[in-house]
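Enquirer: pasting a predicted model and its sequence here:
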Amino acid sequence: MGLACCTPSAAMTLNAEVERLGADRYRLTAGFPYAVSPGEAQSALAPVAEQVCAGRAPTWGRYSFATNQPIERPAGAELSTSFEQDVNCGDAGSGTNAGTPAPRSPATDADRSAVEARTLEYLALKDSNEFATANALFADDVAVLFGREELEASRRAFNKAAGVPKARTIVGVTFYDDPVDAQSLGRYAAVDYRASYPDRAFYCGYAMWLLQPDGSYRMVRVEESTATDEDVGRAAEEVLSALKQQPGCREP
């Protein structure tokens with residue numbers, strides 16, 4: 001079913017699709033004609049969640065999103081964000097206090113090496129169009145990636161145009177213990193990466209990993225920007241500059 005709600009801050013009507021997952025669980029799907037953060041999307045979807053839960057307290061569950069930025073900016077081409085959010089009705093225990101708290105001891109060089117190796121493995125798999133194996137690196141309880149088939153088709157087209165990268169580089173690793181804005185407690189590792197090609201093509205982004213009870217890391221989120229050599233040649237310099245300033249796209 002679909003619901004519409006007003007988002008005064010954006011001066012627009014938000015049309016959200018609602019899918020029932022269980023007796024007290026729903027999945028909300030919405031598109032925004034601009035770039036939004038998860039927090040902003042959740043704020044916009046809050047009235048929908050309240051309406052769906054019908055008097056029971058809504059709490060957020062897993063979410064996934066994709067922001068699309070045209071490499072060229074023809075008339076009418078704008079940023080857009082697709083957002084998918086699970087919501088639980090009347091279950092306060094499923095909110096941000098879920099999960100296993102981060103260890104008291106700080107992350108070690110072994111943790112850093114582990115997430116760096118897993119990220120490079122993930123990138124190599126995507127570069128080879130091995131998406132099923134790449135997606136298996138995600139945590140089991142992470143919702144299916146939003147628009148996965150569309151994203152995979154887009155990445156296949158990029159791989160065909162760009163070829164094989166000449167280098168994949170881990171730019172930096174940042175650990176976060178029990179971040180307040182996360183969907184669950186735990187130790188997270190954000191791994192920024194870049195890949196370069198013999199021509200001007202590139203991709204860059206970051207992968208977010210979560211420490212598991214068995215000591216391994218599983219991926220919970222990834223964001224990426226790509227540009228083929230042809231894209232770079234057509235794009236205005238300010239567009240390329242903005243693209244490279246997206247999350248995870250810092251220089252080595």
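Expert: Thanks, I have the structure now.

Enquirer: now the strands for the protein?
Expert: Shown for the chain, the strands assigned by DSSP state E span residues 2-7, 12-20, 25-32, 58-68, 80-89, 167-177, 187-196, 202-211, 217-227.

Enquirer: could you say which of those is packed most deeply?
Expert: Each of the strands of the chain was scored by mean neighbour count; the highest is strand 202-211, a mean of 24, by mean count of other CB atoms under 10 Å. Heads up, the C-betas are built off the backbone N, CA and C, glycines and all.

Enquirer: against which helices or strands is that strand packed?
Expert: In terms of contacts (3 or more CB pairs under 8 Å, 6 or more residues apart in numbering; DSSP states H and E), strand 202-211 is packed against helix 109-127, strand 187-196, strand 217-227.

Enquirer: need the ones you listed in JSON lines (columns: mean pLDDT).
Expert: Formatted as JSON lines, those follow (pLDDT from 0 to 100):
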{"stretch": "helix 109-127", "mean pLDDT": "96"}
{"stretch": "strand 187-196", "mean pLDDT": "94"}
{"stretch": "strand 217-227", "mean pLDDT": "90"}
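
Enquirer: so for residue 53, which of these sits nearest?
Expert: For those, proximity to residue 53 was assessed by CB to CB; strand 217-227 is nearest, at 24.9 Å.

Enquirer: for that closest one, list the C-alpha coordinates in PDB.
Expert: As requested, the backbone C-alpha atoms of strand 217-227 are provided in PDB (Å, rounded to 0.1, in the frame of the first residue of the first chain):
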ATOM      1  CA  TYR A 217      33.600  -8.400  10.600                       C
ATOM      2  CA  ARG A 218      30.500  -8.300   8.300                       C
ATOM      3  CA  MET A 219      29.500  -5.400   6.200                       C
ATOM      4  CA  VAL A 220      26.400  -3.400   7.000                       C
ATOM      5  CA  ARG A 221      26.600  -0.500   4.600                       C
ATOM      6  CA  VAL A 222      28.500   0.800   1.500                       C
ATOM      7  CA  GLU A 223      28.400   4.000  -0.500                       C
ATOM      8  CA  GLU A 224      30.200   4.500  -3.700                       C
ATOM      9  CA  SER A 225      30.700   7.000  -6.600                       C
ATOM     10  CA  THR A 226      31.900   6.000 -10.000                       C
ATOM     11  CA  ALA A 227      33.000   7.800 -13.200                       C
END
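
Enquirer: now do that strand: which elements does it pack against?
Expert: helix 109-127, helix 148-162, strand 202-211, helix 237-244.

Enquirer: and the helices and strands packed on strand 202-211: which comes nearest residue 85?
Expert: strand 217-227 (13.5 Å).

Enquirer: how far out from the middle of the chain is that closest one?
Expert: From the chain centre to the centre of strand 217-227 is a distance of 6 Å (CA atoms, centre = their mean, to the nearest Å).

Enquirer: just to revisit the earlier point, between the helices and strands packed on strand 217-227, which one is closest to residue 134.
Expert: helix 109-127 (3.9 Å).

Enquirer: picking that back up, can you list the helices and strands packed on strand 217-227 in JSON lines and add distance to residue 35?
Expert: Output for the helices and strands packed on strand 217-227, formatted as JSON lines (distance: least, CB to CB, whole Å):
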{"stretch": "helix 109-127", "distance to residue 35": "23"}
{"stretch": "helix 148-162", "distance to residue 35": "17"}
{"stretch": "strand 202-211", "distance to residue 35": "15"}
{"stretch": "helix 237-244", "distance to residue 35": "11"}
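
Enquirer: out of the ones you listed, deepest packed?
Expert: Most buried of the helices and strands packed on strand 217-227 by mean neighbour count (mean count of other CB under 10 Å) is strand 202-211; its value is a mean of 24.
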